[in-house]
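# Prediction below, plus the sequence it came from.
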Amino acid sequence: MPFGNLFRRTWSSTDRLDGKTVLITGANTGIGKETALDLAKREETKLNILINNAGVMVCPHGKTADGFEMQIGVNHMGHFLLTHLLVDLIKKSTPARIINVSSMAHSWGIINLDDINSEKGYDKKKAYSQSKLANILFTRSLAKKLQGTGVTAYSLHPGVVQTDLWRHLSAPQAAIMKMISPFTKTSVQGAQTTIYCAVAPELETKSGGYYSDCAPANCSSSASDDDTAQKLWELSCRMLSLSWD
């Protein structure tokens, strides 16, 4: 099928999160961003699960307040920065997990290290795919750098889901999506793999993997390139003025 596996069952588990703290991103600018940054500085005693979920898709060209192309800025740079701000707290809260919501669109992506902000030319589909590939490469780097700390990292494809992410599609694309909507996932169904990565006990000793439909999945060869992952890490640190070993 052109849209991949549209498996839509609900994942079920009796495991609970009593006593654990979970943070899920869902805003990228304005009061949402400021709230997240403020909360990151407070005396919260622990953070067991960080879910980097906020995102935009195939939007018109625009820039974040920090000057990044909107899709790489929201989908990757914002989460890279937030994770950096919270990583010490997360390491004190082990066992802990970091989950990055990616997409099967990563398989069409290329990390343009010389023009990560698409300043030489903007293609909204390529920019989106690049940002989703960045999510997986970031996850691979996190898994390596956090090895032995008790913090694990996962990336995932939620499925083709009926959400507001579709709002920037062209009229022909929107018509196609409307036609296939009976075969897409609801928001509840689309959340299942994220929940699985956050809760499933069998993943506690695993890290760096890519998941779809509550199971391990194959990612593209580009998403398995550790050299590119390291270069993206270094570029992200430079662009965000961070020092993160």
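Looks like it arrived, so ask away.

# By mean pLDDT, which helix or strand of this structure comes out lowest?
Within the chain, confidence by mean pLDDT, DSSP states H and E is lowest for helix 30-41 among all helices and strands, at a mean of 50.

# where does residue 156 land in three-state SS?
With DSSP: H, G, I helix; E, B strand; the rest coil as the basis, residue 156 sits in strand.

# mind listing what it touches?
When contacts are counted by CB atoms under 8 Å, 6 or more residues apart in numbering, residue 156 touches 99, 100, 101, 102, 193, 194, 197, 210, 211, 212. All C-beta spots, glycine's among them, are computed from the backbone N, C-alpha and C.

# Relative to residue 243, which of these is nearest.
residue 100 (21.5 Å; CB to CB).

# Excluding its own residues, what touches the strand or helix carrying residue 230? List them.
Using DSSP states H and E, residue 230 maps to helix 226-240. Residues outside helix 226-240 that contact it (CB under 8 Å, 6+ apart): 68, 76-77, 80-81, 84, 111, 113, 116, 134, 137-138, 140-141, 144, 222, 242-244.

# Report the strands that pair with the strand or helix carrying residue 98, each with its relative direction.
Using DSSP H and E, residue 98 sits in strand 96-101. The pairing partners recorded for strand 96-101 under DSSP bridges are strand 49-52 (parallel), strand 151-157 (parallel).

# Mean neighbour count, those strands: which tops it?
Greatest average neighbour count among these goes to strand 151-157 (a mean of 26), per mean count of other CB atoms under 10 Å.

# centre of the chain versus that strand, how much separation?
Computed by CA atoms, centre = their mean, to the nearest Å, the chain-centroid distance of strand 151-157 equals 9 Å.

# can you dump the C-alpha coordinates of that strand into CSV?
C-alpha atoms of strand 151-157 as CSV (Å, rounded to 0.1, in the frame of the first residue of the first chain):
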residue,chain,number,x,y,z
VAL,A,151,17.9,6.5,30.0
THR,A,152,16.7,4.9,26.8
ALA,A,153,15.5,6.6,23.5
TYR,A,154,13.0,5.6,20.8
SER,A,155,11.6,7.0,17.6
LEU,A,156,8.4,6.0,15.9
HIS,A,157,6.0,6.3,13.0
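
# Fine by me, thanks again.
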